[in-house]
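>>> this one's sequence-less:
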């Protein structure tokens, strides 16, 4: 048996070494309309946030009191580019403000999620792997922190330290790392008992390596989804803090701040609240949809579903049914041997 | 032991009076109750026993892999070369694992990390311990995959474990264990999850690798068929104790313990001969309450009054070299014709 394999009488298996290039992922994304739309939206958002100076038609803080509260698509009083999304109560261009607001919202969301994620995941891994006193200490701290009313704590800290971008990130990290710690600990607890972790130890890996190289990659898919959801959550939190006056300070634009200001004018000018609100909604939604796709595609066992052309599960089922029908059997049910009847 | 080996009596591994107890709700569970043996360089030692006989726990204790608590390990001596495994610090233990003693497990699918490529898993320890570069590690991984008979190794090192068949996975597992050239390879039921033809391929592979590298192999199994093909020497375990040891041929030809005899009688023989298989009646004792006398006594054909009160010690069997049996009436068992 062994000889047969060794002498190479079998034809060599197809070369599959190149199959996971970047293009495989892009092609898979192109076949899937929902995550594709989400990606397109997010890419547009990121690009316009980064190149806001070039993309935005107006200076976001330049007032024009003669052209205040202009509805969407109205011409500029000064003869400039039309105000696609209208102007606000001080005559500032809404589109430009939404674009510049994306900078703040995205960077607060992503940075906050990444920093709190790194801290939370590390502590959760250690707690789940080490057990005992370390676990108790970390997890009781998590419980305690989660018991605090987060908005009050955030307001309190920001009141003491003063509002600002960096302070926002620090507050978010302080208040959100527990979410990651809990989830990571739970996942670690189930993985640490598995054979491959025992095998890794039996081969002489040190604990840190077992935690970060052997357990962590397996927990990454769900954690990635959590992190994406957290980005959406933090964008909303930034909006509420800015709304309350403790986040980004006027006249700088942030989506939350824009909603806060627009609230007073809701009766006269619906567009002041609607467009920043829509931006938050679409961003959070796109992140969630993309997270779902990314989770599947980062799982080596699951990703063939998305990466293999035309093997979407439903289609395969249809084909199986069609084959059975051709053979003259009625359908899947009757094809089960020894079934009821 | 074969005469050639007794000329160089420097055992790699010495285990004396090893005991492992687990504290459970229903009282202490004595999984290993005073086991002593040695592993010589280059030999293949089989540890034979049914589920729960303590064979796996014994080797886990040697690897210092029994979690404490709830486990408690004690021994008069537990040495690998010059290292006392009972007192060694974590660093020493880590260095012995992989480099001195490596281990492969029963189910290769669950023993391989589903999120890492096989190439990474095979080369990891080489890279970490030897500080090898990515390129060197890759070459070693390919070489090892070749050695364990995985076709088109260079193309498959980026594959994940679920893309391999059962037999191929076990080969990958073996390759990970071989990366640091261990002196002892412990194989814990390496073929149990495989079908019979693949089983024999894996056993052949282990035998070949052992020939090439001169490492010792400790084969833990419940399958007498597997062990009889490759083992030089066998330990038979029952209820946490060694009930009989000896060379493979001696044990097969003339079992000196009723339990060994029962095991041999209960496997089918291709050559024919016996018409019906003879199962061992009853079941092994509950490990939380092992009777005072011989643990096999309730299931034994040869039992006398003495067996219920006095636990038999492992004693040399007359007329054989290096042969021990834990039966008061070993000679009777030995002499009674079979069939």
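Looks like it arrived, so ask away. These numbers come from a predicted model, not from an experiment.
>>> longest single helix anywhere in chain B?
helix B:196-213 (DSSP state H).
>>> Show residues contacting it.
The contact list for helix B:196-213, computed with C-beta atoms under 8 Å, 6 or more residues apart in numbering or on different chains, reads A:1-2, B:42, B:44, B:147-149, B:166-167, B:170-171, B:174, B:178, B:181, B:185, B:187, B:190-191, B:194, B:215-217, B:219, B:226, B:229-230. For every residue, glycine as well, the C-beta is placed using N, CA and C.
>>> Repeat that for stretch A:101-117.
A:45-46, A:48-50, A:52, A:60, A:165, A:168-169, A:172-173, A:176-177, A:179-180, A:223, A:226-228, A:230-232, A:234-235, A:238-239, A:248, A:252-258, A:276, A:279-280, A:283.
>>> Look at whichever residue of the stretch 201-339 of chain B sits closest to chain A and say how many residues are nearby.
Chain A sits closest to residue B:201 of the stretch 201-339 of chain B, with a gap of 4.9 Å, by C-beta to the nearest C-beta. Residue B:201: 21 surrounding residues under other C-beta atoms under 10 Å in any protein chain shown.
>>> same thing with residue A:75?
12.
>>> Pretty sure it sits against residue A:82.
Yes. In this structure, residue A:75 is within contact of residue A:82 by C-beta atoms under 8 Å, at 5.4 Å.
>>> any idea which residue sits dead centre in chain A?
The residue lying closest to the centre of chain A (C-alpha atoms, centre = their mean) is residue A:228, at 1.9 Å.
>>> Just the pLDDT for it.
Note on residue A:228: pLDDT of 85.
>>> May I have the secondary structure class of residue B:37?
With DSSP: H, G, I helix; E, B strand; the rest coil as the basis, residue B:37 sits in strand.
>>> Then residue B:33?
Per three-state DSSP, the local secondary structure of residue B:33 is strand.
>>> mind checking how far the residue nearest to it when sequence neighbours are not counted is from residue B:49?
Nearest non-adjacent residue to residue B:33, counting by C-beta to C-beta, 6 or more residues apart in numbering or on different chains: residue B:240, 4.1 Å away. From residue B:240 across to residue B:49, the span is 9 Å (C-beta to C-beta, to the nearest Å).
>>> Look at those two and report which has more neighbours.
residue B:240 (28 against 25).
>>> is it fair to say residue A:136 lies in a helix?
Yes. Assessed with three-state DSSP, residue A:136 lies in a helix.
>>> what's the pLDDT at it?
Reported pLDDT for residue A:136: 93.
>>> I figured residue B:96 hits residue B:83, correct?
Yes. Between residue B:96 and residue B:83 there is a contact under C-beta under 8 Å: 6.2 Å.
>>> Between these two, which has more neighbouring residues?
Higher neighbour count among residue B:96 and residue B:83: residue B:96, with 23 against 15, using other C-beta under 10 Å.
>>> quick check, that one in a helix?
Yes. Assessed by three-state DSSP, residue B:96 belongs to a helix.
>>> What pLDDT is listed against the residue lying closest to it once chain neighbours are set aside?
Of all residues not flanking residue B:96 in the chain, residue B:80 sits nearest, at 5.6 Å (C-beta to C-beta, 6+ apart). The model reports residue B:80 with a pLDDT of 88.
>>> Residue B:80: what's it in contact with?
B:12, B:13, B:62, B:96, B:100, B:101, B:184 are the contacts of residue B:80 under C-beta under 8 Å, 6+ apart.
>>> Apply 6 Å and report the result again.
B:13, B:96, B:100 (C-beta atoms under 6 Å, 6 or more residues apart in numbering or on different chains).
>>> Kindly report the same for residue A:131.
No contacts exist for residue A:131 under C-beta under 6 Å, 6+ apart.
>>> Look at the residue in chain A that chain B sits nearest to and tell me its secondary structure.
In chain A, the residue that lies nearest chain B is residue A:204 (3.3 Å; C-beta to the nearest C-beta). Classification of residue A:204 by three-state DSSP places it in coil.
>>> burial of it, as a residue count?
Counted with other C-beta under 10 Å, residue A:204 comes out at 23.
>>> if I look at residue B:97, how far off is residue B:83?
11 Å.
>>> and what of residue A:213?
Separation of residue A:213 from residue B:83 (C-beta to C-beta): 26 Å.
>>> which element is the most centrally placed residue in chain B on?
The geometric centre of chain B, computed from its C-alpha atoms, lies nearest to residue B:220 (C-alpha atoms, centre = their mean), at 2.4 Å. Using DSSP states H and E, residue B:220 sits in strand B:216-221.
>>> Give the rounded mean pLDDT of that strand.
On average, strand B:216-221 scores 90.
>>> again with stretch B:310-330
Rounded mean pLDDT across stretch B:310-330 is 81.
>>> mind listing what's buried in it?
B:311-312, B:314, B:317, B:320, B:323-330 (16 or more other C-beta atoms under 10 Å in any protein chain shown).
>>> Thanks a lot, catch you later.
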